[in-house]
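> Sequence below, structure please.
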Amino acid sequence: MYLSRLQLYNFKNHSELSLNYCDGINTITGANGIGKTNILDAVHYLANAKSYFNGIDSQIIQHNKDFFSIKGVFESDPATEILVQFETGKKTLKKNNKPYKRLIDHIGLIQTVFITPYDIELVLGSSEARRKFIDLTLCQIDKGYLHNLSIYKKTLDHRNALLKGIPGNSIDPDLLDSFDAKLIPAGNFIYHQRKLFVDTLMQFFTPVYNFLSQSDENPIVSYESQLNSEDFETVLHKSQRSDISAQRSTTGIHKDDLGFELGNYSLKKYGSQGQIKSFIIALKLAQYQFFQSLTQKNPILLLDDIFEKIDVDRAQRLISLISDSGYGQIIITDTHTSRVDTHFKDLDSNSVHHQL
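All right, here's what the predicted structure looks like:
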C-alpha cells in the first residue's frame, strides 16, 4: 500500500493543496516556512488519526478558518480512500466514504515512520518523548497495546485526581486499591510489550547505526523501568505513602524511559552532533524494519529536512540504504533542489519531485 494522492484543505498553512506521489522516492523542495513539514504531518495524520507535532486538533486549522480536511488515496487491492475532517470540535474519519465508529479501529491500517529535526528531543528531551516513541510504534501494530494504554492513562488520571483532591489522611485505601487493580494488568501488559519491543529493536538498530557511522562504537538502547526489578503490584504498594504525600502517582510504567549509550557513555552527555543525528536516524530506520518484520508490509517513510546537519558521506550512505529494494514509498523534503539532485542523481528508481 502506498499513497498516490494527497489533498489538503485549511490544514495548517495550506489553504488548498493537491499532490500526486509514486510508490518509490518522492521529493518536495522549497524555502523554509512554506509548509513542507506540514505535508509530511498530513500523511502521518492519515495513518494515525493525529498530528505528529500537535495533539490539539483545533490548533491545526488554518487561521480564520473553521475546519480542516485531509484526503488520501492509497493504492492497494482495491484502492483505499481515507478522509479526515475536523469541524466544530468534532473529528470524523472515513474509509471509502464509510465513517469509523471508533478512531481506534483505523489505527494499524497504515504504518508511517517519521524522521524530523525535532526528533532531537528523543535524546535531549524528557522521558516523555522517548515513551511517545515506543507508544506510537506499538500502537500502530498492536490494538491490544493501544487498548491497554488507553485503560492505563484513564485509570491513572482518576487515581491522580483522587490523590490530589482529598487530604492525605482522608483517602480511603480501598478506593486507592480499586484503581490499582485496574492499573496492574494494563501496566503489566504494556511493560512486557515495551520490553519485547526494545529487545527486538536492537537486532535492527545496531547494524544500521554501524553502517551509517562507519564505526564500531557499540550503540545501546536499554529499557529503563521500575518493573525491571519488582512486580507492579509491589511497586504500587510501596509507593502509596509517597503518592499520598506528593498527591500524584510517583511510580508506574508512566515513568519508563529509554537509555541511549555509545561505547558505554551517555549519548545525551557525551555524544557529538553527528553521533546523535546518526543515532536517531538509525533508531527510526530500525523502527521501520521492526514494522516490516511484523506486518510483512512496507511503511511509508517520511524524511523531513534529513540532510540538514549531517555530513555528505553519512547522507549518501543513508540514501544508498533507503533506496534499496527493501524500502517502499519514501517522501523527502529539503530546502535545496540541487542537494536532492546530487544525492539521487545516480539512482535508477521510480521518483516524483514537487517544487513548492
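
> Apart from its chain neighbours, what residue comes closest to I306?
Nearest non-adjacent residue to I306, counting by Cβ to Cβ, 6 or more residues apart in numbering: I115, 6.1 Å away. Where you see a C-beta, it was placed from the backbone N, CA and C, and this is true even at glycine.

> quick one, longest helix in this structure?
In the chain, taking DSSP state H as the definition, the longest helix is helix 173-213.

> so what secondary structure elements neighbour it?
Helices and strands touching helix 173-213, by 3 or more Cβ pairs under 8 Å, 6 or more residues apart in numbering; DSSP states H and E, are helix 127-139, helix 143-165, strand 219-224, helix 232-238, helix 273-295, helix 312-322.

> about what we covered before: contact partners for the residue nearest to I306?
Neighbouring residues of I115 by Cβ atoms under 8 Å, 6 or more residues apart in numbering: I280, I281, K284, L301, L302, L303, D304, I306.

> quick one: least confident helix or strand in the chain?
None of the helices or strands of the chain scores lower by mean pLDDT, DSSP states H and E than helix 337-344, at a mean of 78.

> so where's the chain uncertain?
Along the chain, the model assigns pLDDT under 70 to residues 167-169, 325, 345-349.

> quick check: angle from the longest helix of the chain to helix 273-295?
Relative orientation of helix 173-213 and helix 273-295, computed by axes from the mean of the first three to the mean of the last three Cα atoms, to 10 degrees: 110 degrees.

> what angle sits between helix 173-213 and helix 143-165?
130 degrees.

> chain center to helix 173-213: distance?
Between the centre of helix 173-213 and the centre of its chain there are 15 Å (Cα atoms, centre = their mean, to the nearest Å).

> what's the spacing between the closest residue to F260 other than its chain neighbours and R130?
Nearest residue to F260 in three dimensions, chain neighbours excluded: L267, at 4.0 Å (Cβ to Cβ, 6+ apart). Distance of L267 to R130, given as Cβ to Cβ, to the nearest Å: 12 Å.

> And for D304?
Using Cβ to Cβ, D304 is found at 19 Å from R130.

> Equivalent analysis for D180, please.
D180 is 25 Å from R130, by Cβ to Cβ.

> got it, and H158?
25 Å.

> The two: which is more packed in?
Applying other Cβ atoms under 10 Å to H158 and R130 shows that R130 carries more neighbours, namely 22 against 15.

> which ones are touching the most centrally placed residue in the chain?
Centroid check for the chain by Cα atoms, centre = their mean gives L136 as the closest residue, at 4.4 Å. By Cβ under 8 Å, 6+ apart, the contact list for L136 reads N48.

> Likewise for the one 4 residues further on?
Going by Cβ under 8 Å, 6+ apart, Q140 touches A47, N48, I107, G108, Q111, T112, F291.

> Do I have it right that A286 meets T200?
No - counting by Cβ atoms under 8 Å, A286 does not reach T200; the two are 9.2 Å apart.

> Look at the two and report which has more neighbours.
For A286 versus T200, the count of surrounding residues by other Cβ under 10 Å is larger for A286: 23 against 15.

> tell me the contacts of the more buried one?
Counting by Cβ under 8 Å, 6+ apart, A286 makes contact with L201, M202, F204, F205, V208.

> And the strands in the stretch 1-150 of the chain, which stretches?
2-11, 14-20, 25-29, 67-75, 80-87, 90-95, 98-99, 112-115 (DSSP state E, counting those that start in this stretch).

> what's the closest of the ones you listed to G274?
strand 112-115 (15.5 Å; Cβ to Cβ).

> For S58, see how far away the nearest residue to I280 once chain neighbours are set aside is.
Once flanking residues are discounted, I280 sits nearest to D119: 5.0 Å by Cβ to Cβ, 6+ apart. Distance, D119 to S58, by Cβ to Cβ: 25 Å.

> who's more crowded, the two?
Neighbour count, other Cβ under 10 Å: between D119 and S58, D119 has more, with 20 against 10.

> Next, the contact list for I110, please.
M1, L46, A47, F74, I82, P299, I300.

> Over to S266?
Counting by Cβ under 8 Å, 6+ apart, S266 makes contact with G259, F260.

> Try it again at 6 Å.
Going by Cβ atoms under 6 Å, 6 or more residues apart in numbering, S266 touches no other residue.

> Look up which residues are beta-bridged to it.
S266 has these beta-bridge partners by DSSP bridges: E261.

> Residue numbering should commence at 43 henceforth.
I'll keep to 43 as the first residue from here, and by that count the last item is S308.

> What separation is there between it and L48?
When Cβ to Cβ is the yardstick, S308 and L48 sit 40 Å from each other.

> With L254 instead?
Counting by Cβ to Cβ - L254 and L48 are separated by 29 Å.

> again, but for L164
L164 is 26 Å from L48, by Cβ to Cβ.

> same thing with S60?
7 Å.

> For these two, work out which one has more neighbours and name it.
Shown here are S60 and L48; by other Cβ under 10 Å, L48 has more neighbours (20 against 11).

> and the more buried one, what does it touch?
By Cβ under 6 Å, 6+ apart, the contact set of L48 is L61, G114.
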